[in-house]
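Q: return atomic coordinates for the entry below.
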Amino acid sequence: MPGIQRLTLTALLTIVTTVPSADAQETVAPADRRWLWEIGTHGTAERLIFRAEKDRQADTVLFFTQGRYQGPSFYLKDPANGTDSTASWQFVAPGEYRSVPVEDVVCRLEYLTDTENPTLRVSLKNTGNVPVQPEKAGLRLGLDTYMDRWPEWFGKYFPTLLRCEKNHFWGYFQAPGPGKPLLGIASDSPVASWSTDFSLGYQDPAPHWFWGHRIESVNLDLLNALPLPERHPQNLWQLKPGEEKSWDIVLFRIAGPDDLEPAVSDIAKAPALRFEKTSYRPDEPVRIGIYSPSTDKRPEVAVLNGQGERIAVYARSIGGGRFLTDPFYLPRPDLYTVRASVNGKTAEGTLSALHPWSWCMERGREGALKYH
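A: All right, here's what the predicted structure looks like:
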């Protein structure tokens, strides 16, 4: 599939695995084992281990090994039909699993080993005779993001940024531990939405409860009912009879935020925006950096105000697939949408032009007089 960088050595295409049994776990890795998946007997991941390389230290990404947040796992939620299910996996081949059907939708999961980075290939197929239009259906990643104890939370990754674009998906997880790399995530295919599951809290006296603030699970809603934000893909809300859709979900480690945009652009085969900041004065020059998957094709850049009026912006190459816009101005206080497009893929961001602080203080004074 496009967006996946294959290894060039035939030897690296070997799957290193043990045949699963009732009390054994499967290990899936490229032949050089620079990263490997440890997979439990139910087909869900237990750990993703990165070996030390050059300027990258060894690292271990933890997954839930029991309970409802194990993953990767396939879920489908359809209140209209009373469905809220997480399917179990059936072993197909080393590193490959098939779900039991949920509303005639079958999910296939493959832990790829012939790719540069750990990659999950996921497909959803409607095996029935009627369209399936769930509230949402997708992949519960299973990363253990639950931070409740010191010092264990230093090694756990928090979903810092997840971003749906029209034609692709990207984001990253960050752990508070010193020296921990960032864990990036990207797909060259669009994802309808994403969601998180929060902890359930309790307080005395019983049976009082409340939704907590700790994130226990991160979900990629591969299908999601409309409406969705305009920036999201608008065609991932159903599976027609016999229809199958597939995604490659890539996990990758990077040293820090400065390495995120070029990695995303390379993996998702899409442009990536880099803003020096997101808020400006109307009289302040703005320049935007753009990473492009095409070194010889200039990105088309559009900057639109809240009324849809366009500001002329030109991006110049500065080498190595990097582009930088000529300075431009945001003419008045407003929210501005920035879009950069290359080869049919678009990255989107938002800039703000702010009123001066004196204006904000005056509005606060007026509000205090009115509502005191």
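Q: secondary structure element holding A340?
A: Assigned by DSSP states H and E, A340 belongs to strand 334-342.
Q: show me how far whichever helix or strand comes after that strand is from its chain's centre.
A: Remark: after strand 334-342, the chain's next helix or strand is strand 345-353, criterion DSSP H and E. Computed by Cα atoms, centre = their mean, to the nearest Å, the chain-centroid distance of strand 345-353 equals 17 Å.
Q: and the angle for strand 345-353 with strand 334-342?
A: Here the directions of strand 345-353 and strand 334-342 differ by 160 degrees (axes from the mean of the first three to the mean of the last three Cα atoms, to 10 degrees).
Q: what packs against strand 345-353?
A: Contact here means 3 or more Cβ pairs under 8 Å, 6 or more residues apart in numbering; DSSP states H and E; on that basis strand 345-353 packs against strand 272-275, strand 279-280, strand 334-342. Glycine gets a C-beta too; all of them are placed from N, C-alpha and C.
Q: quick one: mean pLDDT over stretch 69-76.
A: Computed over stretch 69-76, the mean pLDDT rounds to 94.
Q: before we move on, what about stretch 178-193?
A: Throughout stretch 178-193, pLDDT has a mean value of 93.
Q: quote the end-to-end distance of it.
A: End-to-end distance for stretch 178-193, by Cα to Cα, to the nearest Å: 31 Å.
Q: quick check: buried residues in it?
A: Judged by neighbour count (16 or more other Cβ atoms under 10 Å), stretch 178-193 contains these buried residues: 180-193.
Q: so which of those residues sit within strands?
A: 182-187, 193 (DSSP state E).
Q: got those as TSV, with distance to L228 columns?
A: Below are those laid out as TSV (distance: Cβ to Cβ, whole Å):
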residue	distance to L228
L182	27
L183	26
G184	23
I185	19
A186	20
S187	17
S193	6
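Q: any idea which of those is closest to P299?
A: Closest approach to P299 among these (Cβ to Cβ): A186, at 18.0 Å.
Q: so that closest one sits right up against S265, yeah?
A: No: using Cβ atoms under 8 Å, A186 is not in contact with S265, being 9.2 Å away.
Q: off-centre distance for stretch 157-173?
A: Using Cα atoms, centre = their mean, the offset of stretch 157-173 from its chain centre is 3 Å.
Q: buried residues in that stretch, which are they?
A: Neighbour-count burial for stretch 157-173, counted by 16+ other Cβ under 10 Å, picks out 157-159, 162-173.
Q: now do stretch 37-50, average pLDDT.
A: Stretch 37-50 comes out with an average pLDDT of 93.
Q: just to revisit the earlier point, closest to T65 among the buried residues of stretch 178-193?
A: Among the buried residues of stretch 178-193, L183 lies closest to T65 (Cβ to Cβ), at 18.2 Å.
Q: give me the distance between the closest one and L369.
A: Relative to L369, L183 is positioned 50 Å away (Cβ to Cβ, to the nearest Å).
Q: inside helices: which ones of the buried residues of stretch 157-173?
A: Among the buried residues of stretch 157-173, no residue falls in helices (DSSP state H).
Q: off-centre distance for stretch 355-364?
A: Counting by Cα atoms, centre = their mean, stretch 355-364 comes out at 37 Å from the chain centroid.
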